[in-house]
Structures are given as C-alpha cells and as structure tokens.
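Asks: got a predicted model here, sequence first, then my questions.
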Amino acid sequence: MYPLLTVNLDHMRKNIRTVRGLCAAHGISVTAVTKVFRGDPRIAGVLAEEGMTMLGDSRVANLARMREVPAEKWLIRPPMLTEIPDLVRFGDASLNSEMCVVRAISEECLRQGRTHRVILMADLGDIREGYIDYDELIEAAGETDRLPGVELYGIGVNLTCFSFIQYDTEKLTLLADLRRRTEEAVGHPLQIVSGGNSAAVDLMLRGGIPEGVNNLRLGESVLFGKERAHYQYLPDTYADVFTLECEIVELKEKPSLPWGTVGVDSYGKKPEFTDRGEHRMKAVCALGKQDFDAETTVPCDPGIIMLGASSDHLMLDVTDSEHSYKVGDTVKLQLGYFSTMRAFTSEYVTKQYTGAAD
C-alpha cells in the first residue's frame, strides 16, 4: 500500500474555482494542464466539471487516457511526426512550430475525416520551441490557413521553462502585435492567443497582460494554488491537494555527519552535511528519487528535517518532532509540482482520492 499518494479532490475543486475566477476577471481563458497527473481521467473529469473546457498535455498517450472527458484537448508540446495519427485521433488542437508537421497533420486529418486546430508558437526569448523569425511565423500562419483539414486556431508563447526568461508586459505586447499582424495576413480573427503558463499569473494579477492576449495554459496554479513567478500561494487556495505517505523501515540514533572519505554523487557533485550533533534520531523510509522529488517536497510534520534521498531510500531526522515515531509508522509529505509528477509516473506509488462529490 505504501508509498501512498492521496489526492484531495475537494481542495482541488476550490483551487480550480479560485484560479478560474481570477483569470475570468482579467478576460483570460484557461487551458488546464494535465501532465502532472498523467492525464488521469478522474482528475481531468473534476477539471471539466469545474468549467475547464480546454485541457492540455505534453503526451498524446495522456490525451488518449482522457478521451471520454468532455473538454477540448490540446497537445502542448510540438508533435512528433511519428505520433500524428494518434494526435489527430485523440487531440483537438496542438502547439506547432514546424510547417512540415502541420502539413502532415493536414494529410492525416483528410485520411481520418477530422479537423485539427493549430496554434503556432513564437519564441520570445526562452530559446525553447517557437519561431524566432516572426515573418516566418506570419507566412506559416497563411499556409496553415489554406491547408485542408486543419484550422488556424491562434498563436502562443512559452517562457520560464528552459532559460527561465520572465514574463513581462513588453514581451506579451509583442505577442499581441503578432496577433494583429497574423490577423491582417489571413483576413480573419484568431480565437486563441495563448500567453503562457503559471509564471504569467502574477503579471496578470498586476494588470500587466495586454489586450489581445486571451489564454493561459495553467497547471501548477490551478492544481496547487501557486503562481510561479515568485512561487507564492494564491489567496483562498489549498497547498495540500497532493500528499504522499511513506513507511519507516529503520529508526536509529546516528550522528549527523558521515564518517570516511566523501565522494561525489551520480551527478558529479559532492554532498554537504550539517553538523547537528552526535546523537540524532534518523528514520529511513521506503521511498526514493524514482518515486518523488525531494527538492519539491516538505514534511507535514514541522519537526522533521529532510536529509535527502537515494533512488529508493529517504533519510529523515525526526529528533525534533513532537511525535514519537517507530518502525512501521508512516510520514506524510506535502508534494510540489515536480514531486507530484514523479509520484504519478511511478508504478510503485499507490494512488487514492478523497472528497469526490460536490
């Protein structure tokens, strides 16, 4: 049964409502990003029930898992040529930056008798996906608009995920201007101008998203109640939607410092340790990096110090806890975004849900 990931659906609903309301007040539609939970249909269904009419994921396999969820489904990573038949079958829209891929989508749509919506991406400085030559983007929009089987849905941008270039009004004003130029080129309005991810929420709340940008692709803020520019929790949201319990398999008094010659870890880095004395109560738990991310995880017990993890062991210092732990007890952890993603990906982690009804 352990490790055990618990999803609090009631708290999730509250976060969804809060963030959707904030975005609506600023004229922003939301594409809820589902990759952190691998497109789990039960969670995706909650998003749809709470008014999220567009869902986005970076893997076609997850779009297929959500096939019965009543929402428009976007692939939010540029498609692989080899997955286009499944993309057209399970996805309604996709983010694109290569015309050879858009042409292949068009051909597959004709084969399947379907229509697929295309959003063309502009690179505004993060040097990840997107056109850096904006004239080329305009030309691509014109060709997309003429292709059979596909619909030019809009344009978009992504920042902060690779080079961590931050969102600002100047960059999104450039995106809004690209909207104007694209609309002039194709002769009709674009439905979607997608201005980014949860790192753009703070800018939105400060009134910094310009007119013409009308969509954000949000995962962390919707599910965790957190904006990513300053990593602050939004008012009226819950931070405990995803928690993970792990079992203690060893509990012994040990020194805080190791002894012997310290080498480097798997990443070539030499670990560092804090001297807290010779007599510390250490717990070893049956949980490791294969199942969670220690850097984005916090123990729910404030008296526990997280010391670190190997691939399948988690080391904790429980000396200062008010609770008296023993072998076989469990420790509850509050998960952040990347830790939740890893827990959902691990087949060794059991998943359970609480508070499904509304």
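Replies: Yep, that arrived.
Asks: and the strands in the stretch 51-200 of the chain?
Replies: All strands of the stretch 51-200 of the chain, identified by DSSP state E, counting those that start in this stretch, fall at 54-57, 72-75, 93-96, 116-122, 150-157, 192-194.
Asks: now for the ones you listed, which one comes closest to His279?
Replies: strand 54-57 (48.8 Å; C-beta to C-beta). (C-beta placed from N, C-alpha, C; glycine too.)
Asks: what packs against that closest one?
Replies: Applying 3 or more C-beta pairs under 8 Å, 6 or more residues apart in numbering; DSSP states H and E, one finds that strand 54-57 makes contact with strand 29-33, helix 41-49, strand 72-75.
Asks: for the residue lying closest to Ile192 once chain neighbours are set aside, which residues count as its bridge partners?
Replies: Spatial nearest neighbour of Ile192, chain neighbours left out: Gly154 (3.1 Å); criterion: C-beta to C-beta, 6 or more residues apart in numbering. Gly154 has these beta-bridge partners by DSSP bridges: Ile119, Ile192.
Asks: from what I see, Gly154 and Gly195 are in contact.
Replies: No: contact criterion C-beta atoms under 8 Å: Gly154 and Gly195 do not qualify, at 10.6 Å.
Asks: now do the shared contacts for those two.
Replies: Asn215 (C-beta atoms under 8 Å, 6 or more residues apart in numbering).
Asks: among the two, which residue is more densely surrounded?
Replies: Taking neighbours as other C-beta atoms under 10 Å, Gly154 and Gly195 compare with Gly195 leading, 27 against 22.
Asks: returning to that earlier point: between the helices and strands packed on strand 54-57, which one is closest to Arg179.
Replies: Across the helices and strands packed on strand 54-57, closest to Arg179 is strand 29-33 (C-beta to C-beta), at 14.5 Å.
Asks: what about Lys35, how many residues nearby?
Replies: For Lys35, using other C-beta under 10 Å, the count is 18.
Asks: OK, contacts around it?
Replies: Gly56, Asp57, Ser58, Arg59, Asn62, Ile76, Gly219, Met341.
Asks: how near is the residue nearest to Gly39 when sequence neighbours are not counted to Asp177?
Replies: Once flanking residues are discounted, Gly39 sits nearest to Asn62: 2.9 Å by C-beta to C-beta, 6+ apart. According to C-beta to C-beta, to the nearest Å, Asn62 stands 33 Å off from Asp177.
Asks: and what of Arg42?
Replies: 41 Å.
Asks: list the contacts for Glu250?
Replies: By C-beta under 8 Å, 6+ apart, the contact set of Glu250 is Lys282, Ala283, Val284, Val327.
Asks: part of a helix, is it?
Replies: No: per DSSP: H, G, I helix; E, B strand; the rest coil, Glu250 lies outside any helix segment and is strand.
Asks: distance of it relative to Asp329?
Replies: For Glu250, the distance to Asp329 - C-beta to C-beta - is 12 Å.
Asks: next one: stretch 203-210 to chain centre, how far?
Replies: 21 Å (C-alpha atoms, centre = their mean, to the nearest Å).
Asks: could you chop the protein up by domain?
Replies: Split into domains by automatic domain parsing, the chain comes to 9-230, 242-354.
Asks: for Asn62 and Asp177, indicate the residue with more neighbours.
Replies: Under the criterion of other C-beta under 10 Å, the comparison of Asn62 against Asp177 puts Asn62 first, with 22 against 13.
Asks: tell me the pLDDT of Asp358.
Replies: As predicted, Asp358 sits at a pLDDT of 49.
Asks: please read the previous query as pertaining to Thr261.
Replies: At Thr261, pLDDT is 89.
Asks: which residues touch it?
Replies: Contacts of Thr261 (C-beta under 8 Å, 6+ apart): none.
Asks: distance-wise, check it relative to Thr274.
Replies: 19 Å.
Asks: same question for Thr330.
Replies: 25 Å.
Asks: same deal with Glu50?
Replies: From Glu50 to Thr274 the distance is 43 Å (C-beta to C-beta).
Asks: how about Cys100?
Replies: 53 Å.
Asks: was I right to think Pro299 contacts Val331?
Replies: Yes: if you go by C-beta under 8 Å, Pro299 and Val331 touch, sitting 6.5 Å apart.
Asks: what does the pLDDT read for the residue most central in space within the chain?
Replies: The centre of the chain sits closest to Gly219, judged by C-alpha atoms, centre = their mean, with a distance of 4.5 Å. On pLDDT, Gly219 comes in at 97.
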